[in-house]
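Student: one predicted model, sequence on top.
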Amino acid sequence: MEYNFKEIENNWQAYWAKNKTFAAKDGGDKPKYYVLDMFPYPSGAGLHVGHPLGYIASDIVARYKRHKGFNVLHPMGYDSFGLPAEQYAIQTGQHPKITTENNIAVYRRQLDKIGFSFDWDREVRTSDPAYYKWTQWIFIQIFNSWYNKATDKAEPISSLISEFELNGNKKVNACCDEDEKSFSAAEWQAFSEKEQSDILMAYRIAYLGEAFVNWCPALGTVLANDEIKDGVSERGGHPVERKLMKQWSMRISAYAQRLLDGLDTLDWTDSLKEAQRNWIGKSEGTSLKFTIQGSNKTIEVFTTRPDTVFGVSFVTLAPEHDLVGSLTTLENKAAVEAYVTQAKNRSERERQADINKITGVFTGSYVEHPFTGKLIPIWIGDYVLAGYGTGAVMAVPAHDSRDYSFAKHFGLPILEVVKGTTDVTQSGVEGSYDAKEGILINSDFLNGLQVKDAMKLAIQEIEIKQLGKGKVNFRLRDAVFGRQRYWGEPIPVYYKNDIPYALPENELPLVLPEVDKYLPTEDGEPPLARAASSWKYKGEFDYEHSTMPGWAGSSWYFLRYMDPKNSEGFVSKQLAGYWKQVDLYIGGSEHATGHLLYVRFWTKFLKDLGYIDIEEPAKKLINQGMIQGRSNFVYRVNGENKLVSAGLKNNYEVSALHVDVSFVNNDVLDIEAFKKWRDDFKNAEFILEDGKYICGAEVEKMSKSKYNVVTPDDIGEKFGSDTLRLYEMFLGPLEQSKPWNTNGITGVHGFLKKLWRLFYSSLQGGAQGAGDVAFNVSNDEPTKGELKALHKTIKKITEDIERFSFNTSISNFMICVNELTEAKCNKKAILEPLLICLSPYAPHIAEELWKQLGHTESISTAPFPDFNEAYLVDDSINYPVSVNGKLKFTLELPATLTVQEVEAEVMNNEQTQKLLEGKQPKKVIVVHKKIVNMVV
């Protein structure tokens with residue numbers, strides 16, 4: 001019987017589905033283990049071979065943990081709200097729900113074919129009303145909460161209202177809008193309902209307020225930072241501008257310190273934790289007010305270097321700053337307006353990252369230095385962000401690198417106030433002195449102080465003069481929550497007398513209405529406004545017309561998998577207490593400052609209100625690398641219908657053209673298939689090398705436009721899914737990016753066929769002899785060599801999986817099978833535990849051979865074998881024996897011999913006597929258990 005991978009894989013996939021082999025139990029005596037993949041957005045293109053990389057790794061761990069006696073929760077679902085389905089709806093009129101369901105069907109078929117051990121009974125879809133009912137419910141809890149700094153947690157808004165009724169807000173220590181005015185209990189009682197609502201909105205964690213957003217006019221919606229690339233929308237490449245809009249936002253900034261502190265408790269990669277630390281961006285310093293010349297108005301800045309206040313030579317405002325318009329003089333108006341428009345087309349992320357692009361414009365106005373009274377020019381620069389600090393900076397070019405570049409570019413003064421290792425004002429000296437150490441100079445009352453002492457004294461003087469106040473600042477800004485799209489969760493809010501009210505919880509879900517088009521209305525309202533005439537609360541009050549962002553549903557999905565059928569709550573307290581955190585979370589590093597921050601935020605919030613007992617969603621997180629495409633090229637001679645092979649292209653002037661990799665095998669082009677693919681080359685002349693057309697190759701991102709997409713379906717059809725699983729792991733360490741190269745897959749497929757032949761062999765000729773092939777496994781006792789090969793493998797595979805080093809496991813399996821093949825081993829005592837070790841990696845072939853060994857239950861129920869150290873100890877050592885460094889022979893000696901005993905055995909050996917011809921060597925060097933060398 002040959003290795004028929006198609007039949008074997010189809011049979012076992014059907015068996016697992018029918019028997020619910022991988023269904024997790026809610027409770028029991030076994031220890032729990034929760035392994036989770038970041039669930040996919042189901043795109044129309046389906047999966048390519050890069051997508052399953054993390055899923056295969058997590059599946060290996062899930063299967064291994066079952067073998068080790070754990071109750072494993074390994075679910076899968078779909079992040080099924082998204083912009084692509086909506087864009088397709090705009091183009092075709094097809095409802096996004098239909099597109100999404102069709103795409104999910106493709107994904108499900110592909111995932112099933114790869115043999116993942118998912119518990120499909122727990123599948124979730126974020127676009128299912130039964131799921132987003134609870135996303136809306138969580139939003140209402142956030143809306144009805146405030147952050148109490150005194151208790152350092154979120155609390156119900158009702159407790160804040162009670163405090164307002166008793167004492168006003170004078171004793172309240174809350175995370176709220178900074179410009180909130182104080183009021184008494186009597187004043188609170190006298191406020192109108194609208195006034196009270198507006199005040200509460202300044203305290204709510206989910207709130208409606210003015211926020212700068214990334215607005216894409218062509219798409220008619222707000223975009224998240226990660227949906228923008230190079231100043232245009234990632235979807236469609238449309239221009240994006242910064243715009244101040246009334247938007248629903250989440251007060252994630254209230255959790256900044258806890259998000260920062262929590263990172264120390266997590267087993268996540270240092271690079272990912274550092275990315276979050278930088279994004280949160282904690283800094284300690286002071287606010288400081290600069291009075292505008294000829295006005296009683298001030299510009300407030302936040303600075304972490306108050307010691308350098310006497311080195312300020314200009315003030316820079318963000319292009320979006322409220323005062324830009326009023327500060328711009330008539331002669332500078334055209335230049336400023338042009339600059340502001342240009343800056344609006346760059347995302348904040350792009351402006352932060354692009355440190356080499358120096359742009360700015362002078363407003364024509366000045367501020368007075370708070371200590372010297374000297375006039376300081378006010379500039380606008382897009383390296384200053386409106387949402388960080390106050391949207392204005394005091395520029396000290398001698399001691400800040402970005403200020404230095406700006407000053408150099410525009411010829412502004414550079415005033416040294418900290419004496420460090422270099423004098424930045426000297427000609428020939430490039431760059432600022434940014435170190436927070438040195439002696440203060442040119443700084444009035446700060447002169448002669450060390451930087452740290454100067455900082456304290458500067459803040460003290462600033463507070464005495466009431467110019468500002470020492471404070472802690474965070475770069476993390478509140479998260480814009482509303483999106484002007486159709487295909488998203490409706491925000492469960494209605495408006496009565498211009499006051500937003502949350503829907504009663506018993507009326508959830510608020511389901512998406514039908515609309516005639518998926519575009520914004522003619523007057524710029526979001527698509528849901530198209531249903532406004534009939535879609536009203538109680539037939540009278542307008543609903544909120546924006547929808548939730550893509551990250552809403554993914555911020556709590558790990559909890560829903562614990563209790564997916566619960567109609568009474570998002571998760572029961574009992575099951576949340578049993579499954580607790582995710583033990584292993586695998587997904588892409590691109591989510592570091594998006595999803596992975598938001599899911600931590602929502603987890604902390606739900607703990608604050610007592611719904612769950614965990615502070616962090618996932619203990620350990622691994623970011624899998626990207627599998628890149630390997631593109632192939634043909635070379636067309638310019639101006640001719642002639643294609644020249646890669647090795648000859650330097651003899652011609654050519655243009656490189658991408659070619660579909662499915663027509664290429666080991667870089668050799670199938671010319672006939674290529675001609676059928678491209679009509680324009682049907683009659684082309686092909687200039688060959690040794691009778692073949694050799695294509696060029698390059699590693700690029702896998703993309704349909706580069707014709708380098710390889711799907712798991714293609715690989716499964718040719719080689720089987722077990723081969724795909726092994727090969728993806730074999731390509732390299734999980735965390736690293738690596739190119740896909742189908743050329744190497746035949747070796748992995750050959751390994752599985754070789755494994756098969758250990759079980760199926762000729763009855764006449766032994767394990768590898770000739771004759772009819774049949775199942776042939778013996779019950780003979782294994783040899784020491786066979787036991788050593790097995791236990792060496794068990795030890796290595798156990799260690800590899802425990803440290804997530806999957807690529808090295810594959811080579812160890814190959815070495816073991818080679819050794820067993822060489823020993824002609826077909827013994828059940830060896831092959832049976834080897835199958836269990838292989839089962840997490842290649843489950844289909846393992847199940848089939850396990851069944852052939854006589855087992856009636858799935859191999860997934862078998863305990864993982866323990867390695868026995870005794871079998872790894874060598875009984876004997878093969879010593880290479882050399883004379884003057886040249887190998888002469890090898891000698892097998894007992895491993896227990898001492899150095900002196902080894903030397904004696906070698907000297908008494910007959911071959912040594914012949915070599916020495918009666919002479920005594922000058923020296924005998926014995927490296928114990930390694931080599932022997934005689935110097936003569």
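Tutor: Structure's in. What do you need? Numbers count the residues shown, from 1 in each chain.
Student: chain center to stretch 109-125, what's the gap?
Tutor: Relative to the centre of its chain, stretch 109-125 is centred 21 Å away, using C-alpha atoms, centre = their mean, to the nearest Å.
Student: then that stretch to PDB, C-alphas only?
Tutor: Coordinates of each C-alpha in stretch 109-125 appear next as PDB, following Å, rounded to 0.1, in the frame of the first residue of the first chain:
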ATOM      1  CA  ARG A 109     -12.700  25.000   3.500                       C
ATOM      2  CA  GLN A 110      -9.100  26.000   3.400                       C
ATOM      3  CA  LEU A 111      -8.600  25.800   7.100                       C
ATOM      4  CA  ASP A 112     -10.200  22.400   7.300                       C
ATOM      5  CA  LYS A 113      -8.000  21.100   4.600                       C
ATOM      6  CA  ILE A 114      -4.800  21.900   6.600                       C
ATOM      7  CA  GLY A 115      -6.000  19.800   9.500                       C
ATOM      8  CA  PHE A 116      -6.200  22.200  12.300                       C
ATOM      9  CA  SER A 117      -7.500  21.000  15.700                       C
ATOM     10  CA  PHE A 118      -9.900  23.900  16.200                       C
ATOM     11  CA  ASP A 119     -13.000  23.500  18.300                       C
ATOM     12  CA  TRP A 120     -15.400  24.700  15.600                       C
ATOM     13  CA  ASP A 121     -18.400  24.600  17.900                       C
ATOM     14  CA  ARG A 122     -17.000  27.800  19.500                       C
ATOM     15  CA  GLU A 123     -16.700  29.700  16.200                       C
ATOM     16  CA  VAL A 124     -17.500  33.500  16.500                       C
ATOM     17  CA  ARG A 125     -18.100  36.100  13.800                       C
END
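Student: C-terminal to the helix or strand of the chain with the lowest mean pLDDT, what's the next element?
Tutor: Lowest on mean pLDDT, DSSP states H and E among the helices and strands of the chain sits helix 348-353, with a mean of 71. Downstream of helix 348-353, the first helix or strand assigned by DSSP states H and E is strand 361-368.
Student: who are the packing partners of that next one?
Tutor: Packed against strand 361-368 by the contact rule (3 or more C-beta pairs under 8 Å, 6 or more residues apart in numbering; DSSP states H and E) you find strand 282-292, helix 324-327, helix 333-344, strand 375-380. For the C-beta atoms, the positions are set from N, CA and C on the backbone; glycine is no exception.
Student: make CSV out of these and add mean pLDDT.
Tutor: Shown next, in CSV, are those (pLDDT from 0 to 100):
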stretch, mean pLDDT
strand 282-292, 94
helix 324-327, 95
helix 333-344, 91
strand 375-380, 97
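Student: highest average neighbour count across those?
Tutor: The highest average neighbour count among those, using mean count of other C-beta atoms under 10 Å, belongs to strand 375-380 at a mean of 20.
Student: now the angle from that one to helix 333-344?
Tutor: 50 degrees (axes from the mean of the first three to the mean of the last three C-alpha atoms, to 10 degrees).
Student: per-residue pLDDT, V232?
Tutor: At V232, the model reports a pLDDT of 80.
Student: for stretch 483-496, measure first residue to last.
Tutor: Terminal residues of stretch 483-496 lie 21 Å apart, using C-alpha to C-alpha, to the nearest Å.
Student: what about T890, which SS state?
Tutor: Under DSSP: H, G, I helix; E, B strand; the rest coil, T890 falls in the strand class.
Student: same deal with I8?
Tutor: Classification of I8 by three-state DSSP places it in helix.
Student: for it, give its distance to L834.
Tutor: 17 Å (C-beta to C-beta, to the nearest Å).
Student: returning to what we had before: do you know which of the helices and strands packed on strand 361-368 lies nearest E717?
Tutor: Proximity to E717 (C-beta to C-beta) singles out helix 333-344 among the helices and strands packed on strand 361-368, at 49.9 Å.
Student: now that closest one, how far from the centre of its chain.
Tutor: Helix 333-344 sits 36 Å away from the centroid of its parent chain (C-alpha atoms, centre = their mean).
Student: okay, the helices and strands packed on strand 361-368 in a markdown table with distance to E368 next?
Tutor: Formatted as a markdown table, these follow (distance: least, C-beta to C-beta, whole Å):
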| stretch | distance to E368 |
| --- | --- |
| strand 282-292 | 5 |
| helix 324-327 | 14 |
| helix 333-344 | 21 |
| strand 375-380 | 6 |
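Student: how about these, which one is nearest G237?
Tutor: Checked against C-beta to C-beta, the stretch from the helices and strands packed on strand 361-368 lying closest is helix 333-344, at 17.2 Å.
Student: show me what the closest one packs onto, helices and strands only.
Tutor: strand 241-250, strand 361-368, strand 375-380.
Student: got the contact list for the helix or strand just after the shortest one?
Tutor: Translated: strand 375-380. Sequence-wise, the next helix or strand downstream of strand 375-380 (DSSP H and E) is strand 392-395. For strand 392-395, the surrounding residues in contact (C-beta atoms under 8 Å, 6 or more residues apart in numbering) are 288, 290, 299-301, 303, 309, 312-318, 321, 379, 384, 403, 406-407, 412.
Student: for PyMOL, write the select line for the buried members of these.
Tutor: Command for PyMOL that selects the buried part of those, burial taken from 16 or more other C-beta atoms under 10 Å:
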select buried, resi 288+290+299+301+303+309+312+313+314+315+316+317+318+321+379+384+403+406+407+412
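Student: sort out for me which of the contacts of strand 392-395 are in strands.
Tutor: Among those, the members falling in strands are L288, F290, I299, E300, V301, T303, F314, V315, T316, L317, W379 (criterion: DSSP state E).
Student: which of those sits closest to A502?
Tutor: Nearest to A502 among the ones in strands among the contacts of strand 392-395: E300, at 34.4 Å, using C-beta to C-beta.
Student: S287 is in contact with the closest one, correct?
Tutor: Yes - look at E300 against S287 with C-beta atoms under 8 Å: they come within range, at 5.6 Å.
Student: coming back round to it: so which of the helices and strands packed on strand 361-368 is nearest H855?
Tutor: Among the helices and strands packed on strand 361-368, strand 282-292 comes nearest to H855, with 57.1 Å by C-beta to C-beta.
Student: given the closest one, what are its sheet partners and their directions?
Tutor: In the sheet, strand 282-292 lines up against strand 298-303 (antiparallel), strand 361-368 (antiparallel), strand 470-474 (antiparallel) (DSSP bridges).
Student: right, and the helix or strand after the shortest one?
Tutor: What that stands for is strand 470-474. Assignment by DSSP H and E places the next element after strand 470-474 at strand 479-480.
Student: partner strands of that following strand, with direction?
Tutor: Short version: by DSSP bridges, strand 479-480 pairs with strand 241-250 (antiparallel).
Student: mind checking which of the helices and strands packed on strand 361-368 is nearest L446?
Tutor: Comparing the helices and strands packed on strand 361-368 by C-beta to C-beta, strand 282-292 comes nearest, at 13.7 Å.
Student: contact partners of the closest one?
Tutor: Strand 282-292 is contacted from outside by 256-257, 260, 297-306, 309, 315, 323, 327, 365-370, 376, 378, 390, 394, 458-459, 462-463, 467-475, using C-beta under 8 Å, 6+ apart.
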